[in-house]
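Enquirer: Turn this into a structure:
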Amino acid sequence: MITGRVRSATIVAMSMFALAGTARAQAGAAAAAKSGVSFAVSSPVHPALYFSKQEVEASFEHPQRIDGALYVSDYGTRSFEVKASTRDKPLAPEVHLTFTDIIYIVRGSATLVTGGKLVGDLTPRTFPNGQPFGKETKMGRSIVGGESRHIAVGDVVIIPNGLPHWFTDIEAPFWFYNVKSH
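Expert: Okay, here's the model as predicted:
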């Protein structure tokens, strides 16, 4: 029987391969090899990434911070990161200019507001540690005209870049994996 934590780790691993495209390349190479066909992979084939149950659980035990990622890519052939995110209260709504968020809910629930218009710019210049905030994410005071949906354990949400989004009405602890892909 697969536990919820193992299932979430499995989904994260599958998302990473899907985003990187290496699983398709490896499968194609294996099938071609079995059929006797010569096959050249144009991009490097990376090794599988494995995170133990202890690492997965520990990824949620940190305070919300910049480096709260289970995996951060080199943005070369692996242009994604996997974050273990938590919320105990709503944060500012946001929109990502280039990232697509793939979210898998592990614990708790919330209302997710998507679409509409981000109102009132609250984008910080720096993170609390002084690092520049960057231009990838814009933050606001609220969203006007968005669609609200209750999300809970086991749900998966894909939020394309350019779409405002906001977690409200949080039932803490609210834990989710967020695969950020370019």
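Enquirer: Spit out the contact partners of Thr86.
Expert: Each residue near Thr86 by Cβ atoms under 8 Å, 6 or more residues apart in numbering is listed here: 60, 64, 173-176. Backbone N, C-alpha and C define where each C-beta goes, glycine included.
Enquirer: Over to Ala172?
Expert: Residues counted as contacts of Ala172 (Cβ under 8 Å, 6+ apart) are 87-89, 108.
Enquirer: rewinding a little: list the ones among the contacts of Thr86 that fall in strands.
Expert: Taking DSSP state E as the definition of strands, these contribute 173-176.
Enquirer: Name the nearest of those residues relative to Leu97.
Expert: Of all these, Leu97 sits closest to Phe176, with 21.2 Å by Cβ to Cβ.
Enquirer: check contacts around that closest one.
Expert: Listed by Cβ under 8 Å, 6+ apart, the contact partners of Phe176 are 85-86, 103-106.
Enquirer: switch to 10 Å and redo it
Expert: Going by Cβ atoms under 10 Å, 6 or more residues apart in numbering, Phe176 touches 8, 60, 83-87, 101, 103-108, 110, 151, 153, 155-157, 167.
Enquirer: ok, now how distant is it from Thr137?
Expert: Distance of Phe176 to Thr137, given as Cβ to Cβ, to the nearest Å: 17 Å.
Enquirer: same check, this time on Glu55
Expert: 26 Å.
Enquirer: Check His182 too.
Expert: To Thr137, His182 is 13 Å away according to Cβ to Cβ.
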